[in-house]
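Asker: here are the coordinates; sequence isn't available:
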């Protein structure tokens, strides 16, 4: 029994010694690791802050199990961010006193303060070793560098910064999986090479608040008191600077904004100019804007700042603007779209405006472009194909609850607008459907002192209606192989006023033809004459079907009021004018006049269009030897009123082509032969 007790005592003694060694070793190891981790942090901060600025921290700690360094009460003072004005050199001033006497006094400058940043806590998990950091800091050439993990997590808590009269705060900033990706053998040197290699899993910032208060001074009389709040900002797997090759021009920095990421989210955005912007000798202005926005699954190609947004969603945006004589309110319930690819359009925009922006950057001047210069620039961005197609890709889009109110008197908006494709840039959609409703509420009370309200009110009173509801539905189909393009339904209606339906069929819009148009900038519109397939372009049908509900009577009534004559007399005036306008070369002029008079006497429905027996193309005009009589009769122009049988206009004895037209025919034949040869080559 005694020996057992002694054995147990020895065991406990040994365990105690081991425990003491482990605890002591743990404290020793923890101390070693904490020291090295903090030296790494010191080295990094010294590099980031620079020799002319300062930083300090109250305390630090290290967790062995979490392998994380915690630094408390970090304070950074950046002196050179906003430098104070340099004092005047008095000796120089004395020497040049006479010369300076004739000069106006310099504009007083607002004193500036350094930028001060405080962070309650910095936490770095699985950060770099000191040796690894020193090796990285020594690098300038990033070519062919391998992948390198920098930190598993970097978290900053309760960040505050202040510069002059602007403050910035945020509850927390968290970065995960920070690393450098493997670099190619063409990776640029310096900061750009580092940025192009930088990768992180996710960046999340919570409760951002940016506020600025500026007091008026002589050199800057405007006063701004505003706050920007963002509840959450998050981006997953961002990649920067893929298409950027330098950081020297404005275009380079625009391209830098074209990042790639898996998802991007901003929520709870509120912008408030609390006391407005006060402008001397003017009315006070107050503006507030509140917005909630969410953006998911963005994917941008990055090359030349190109981008693709797979899915976009914006919810509940509102805007308010006011001053003593004006109040403007706007809201937007939601915007959703998918498959949006603006890469080609943005690339062309940057190419067109790059020389202008670079010149402005170098000279410090603002570009002054007239209308023709802007037309030339935009004419180089868009192509002739955009006459039939969109300049970007999009699958579908939906906008709801758009509303604008002007001074509580005039309002307009839309309950719902949608677009369904898919659309491809510079190509006709195989199938598309778009729907839009739009409403306008004219003022019901006159305000002569407000010219806008007064004119709108007067129109509504003269017209006899103040509320308008528009509806537009468009259903299109095309076959890029055969070139057949069909408007299955194009409906425009204004409630209680009218509806208009358009039927249209075209041929010749083949994939090859539209692709050729897409190669021609819009500014070179005459180049369309050289596009293969142009002369096969034409119509199979085209009709405008109008149904009146009250618009005709209201319009005639308004005209009668302006002419100061009765309604019936205005109708007779229109009838008499039309009688003098009918083509004299019609064989059935009386039938046409009968159809028109039928609508004038009882405005219900009227249709005008063409219905050729076969597709009417540019080639058809040549086959008919430019004979105007034959051309118009082949078109089979028709008019029908109030569901009566259609009147097909029949022309006769129109002027024949002249000898000069025959010469044009020869040139035309040459173009046709060229066209056929080019089509064969294609």
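Answerer: Thanks, I have the structure now. In this text the structure is predicted, and so the values were computed from the model without any measurement.
Asker: now the most centrally placed residue in the chain. Nearest residue, chain neighbours left out?
Answerer: Nearest to the geometric centre of the chain sits residue 342, at 9.0 Å (CA atoms, centre = their mean). Counting by CB to CB, 6 or more residues apart in numbering, residue 392 is the residue found nearest to residue 342 once chain neighbours are left out, at 4.7 Å. From N, CA and C alone the C-beta is placed, and that goes for glycine too.
Asker: and the pLDDT for the one you found?
Answerer: Note for residue 392: predicted pLDDT of 92.
Asker: ditto for residue 377
Answerer: 89.
Asker: got the buried residues for the helix or strand containing it?
Answerer: Assigned by DSSP states H and E, residue 377 falls within helix 371-381. Neighbour-count burial for helix 371-381 flags 380-381 (criterion: 16 or more other CB atoms under 10 Å).
Asker: name the surrounding residues that touch the helix or strand just after it.
Answerer: Per DSSP H and E, the first helix or strand lying C-terminal to helix 371-381 is strand 394-406. Strand 394-406 is touched from outside by 327-341, 411-423, 452-453, with contacts defined as CB atoms under 8 Å, 6 or more residues apart in numbering.
Asker: just those: which are in helices?
Answerer: The helices, defined by DSSP state H, take in 452-453 from these.
Asker: just the buried ones from the contacts of strand 394-406?
Answerer: Buried members of the contacts of strand 394-406, scored by 16+ other CB under 10 Å, are 329-341, 411-414, 417-421, 423, 453.
Asker: tell me, how many residues neighbour residue 569?
Answerer: When neighbours are defined as other CB atoms under 10 Å, residue 569 has 10 of them.
Asker: I'd assumed it was in a helix, is it?
Answerer: Yes. Assessed with DSSP: H, G, I helix; E, B strand; the rest coil, residue 569 lies in a helix.
Asker: please enumerate the strands of the stretch 251-400 of the chain.
Answerer: Here the stretch 251-400 of the chain has its strands, by DSSP state E, counting those that start in this stretch, at 263-278, 285-294, 298-299, 308-323, 326-341, 394-406.
Asker: and those strands, which one averages the lowest pLDDT?
Answerer: Among the strands of the stretch 251-400 of the chain, strand 298-299 carries the lowest mean pLDDT, at a mean of 44.
Asker: follow-up on the earlier one: show me what contacts the residue nearest to residue 342?
Answerer: Neighbouring residues of residue 392 by CB under 8 Å, 6+ apart: 340-342, 344-345, 423, 425.
Asker: run the last query once more with 6 Å
Answerer: Neighbouring residues of residue 392 by CB atoms under 6 Å, 6 or more residues apart in numbering: 342, 345, 425.
Asker: nearest to residue 536 among those?
Answerer: Distance to residue 536 across the contacts of residue 392 (CB to CB) is lowest for residue 425, with 23.7 Å.
Asker: which strand or helix spans the closest one?
Answerer: Going by DSSP H and E, residue 425 is not in any helix or strand.
Asker: ok so residue 562 is a strand residue?
Answerer: No. Counting by three-state DSSP, residue 562 falls outside a strand, being helix.
Asker: burial count for it?
Answerer: Look at residue 562: counted by other CB under 10 Å, it has 10 neighbours.
Asker: so what pLDDT did it get?
Answerer: pLDDT recorded at residue 562 is 89.
Asker: what separation do you get for it and residue 594?
Answerer: In this view, residue 562 and residue 594 are 29 Å apart by CB to CB, to the nearest Å.
Asker: what do you get for residue 476?
Answerer: Going from residue 476 to residue 594 by CB to CB gives 35 Å.
Asker: could you check which of the two is surrounded by more residues?
Answerer: Shown here are residue 476 and residue 594; by other CB under 10 Å, residue 476 has more neighbours (19 against 13).
Asker: what pairs with that one across the strands?
Answerer: Residue 476 has these beta-bridge partners by DSSP bridges: residue 432, residue 487.
Asker: pLDDT score assigned to it?
Answerer: For residue 476, the model assigns a pLDDT of 93.
Asker: wait, isn't it in contact with residue 433?
Answerer: No. Counting by CB atoms under 6 Å, residue 433 is not a contact partner of residue 476; they are 7.7 Å apart.
Asker: the stretch 551-682 of the chain: strands as residue ranges?
Answerer: Counting by DSSP E, counting those that start in this stretch, the strands of the stretch 551-682 of the chain are 605-610, 616-617, 637-641, 647-648.
Asker: also the stretch 51-200 of the chain?
Answerer: For the stretch 51-200 of the chain, the strands defined by DSSP E, counting those that start in this stretch cover 54-56, 59-63, 68-78, 115-125, 148-163, 166-180, 198-199.
Asker: which one of those strands lies closest to residue 556?
Answerer: Once the strands of the stretch 51-200 of the chain are compared by CB to CB, strand 166-180 is nearest, at 61.9 Å.
Asker: against which helices or strands is that closest one packed?
Answerer: Packing contacts for strand 166-180, counted by 3 or more CB pairs under 6 Å, 6 or more residues apart in numbering; DSSP states H and E, involve strand 148-163, strand 202-214.
Asker: what about 7 Å?
Answerer: The contact analysis (3 or more CB pairs under 7 Å, 6 or more residues apart in numbering; DSSP states H and E) places strand 166-180 against strand 148-163, strand 198-199, strand 202-214.
Asker: could you give the mean pLDDT of that strand?
Answerer: Mean pLDDT, strand 166-180: 92.
Asker: redo the helices and strands packed on strand 166-180 as JSON lines? Include mean pLDDT.
Answerer: What follows is the helices and strands packed on strand 166-180, written out as JSON lines (pLDDT from 0 to 100):
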{"stretch": "strand 148-163", "mean pLDDT": "92"}
{"stretch": "strand 198-199", "mean pLDDT": "87"}
{"stretch": "strand 202-214", "mean pLDDT": "84"}
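Asker: now those strands in CSV, with distance to residue 546 and mean neighbour count?
Answerer: Formatted as CSV, the helices and strands packed on strand 166-180 follow (distance: least, CB to CB, whole Å; neighbours: other CB atoms under 10 Å):
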stretch, distance to residue 546, mean neighbour count
strand 148-163, 64, 17
strand 198-199, 61, 16
strand 202-214, 55, 17
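Asker: how about the ones you listed in CSV, adding distance to residue 609?
Answerer: Shown next, in CSV, are the helices and strands packed on strand 166-180 (distance: least, CB to CB, whole Å):
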stretch, distance to residue 609
strand 148-163, 67
strand 198-199, 61
strand 202-214, 59
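Asker: of all these, which one comes closest to residue 624?
Answerer: Closest to residue 624 of the helices and strands packed on strand 166-180 is strand 198-199 (CB to CB; 67.1 Å).
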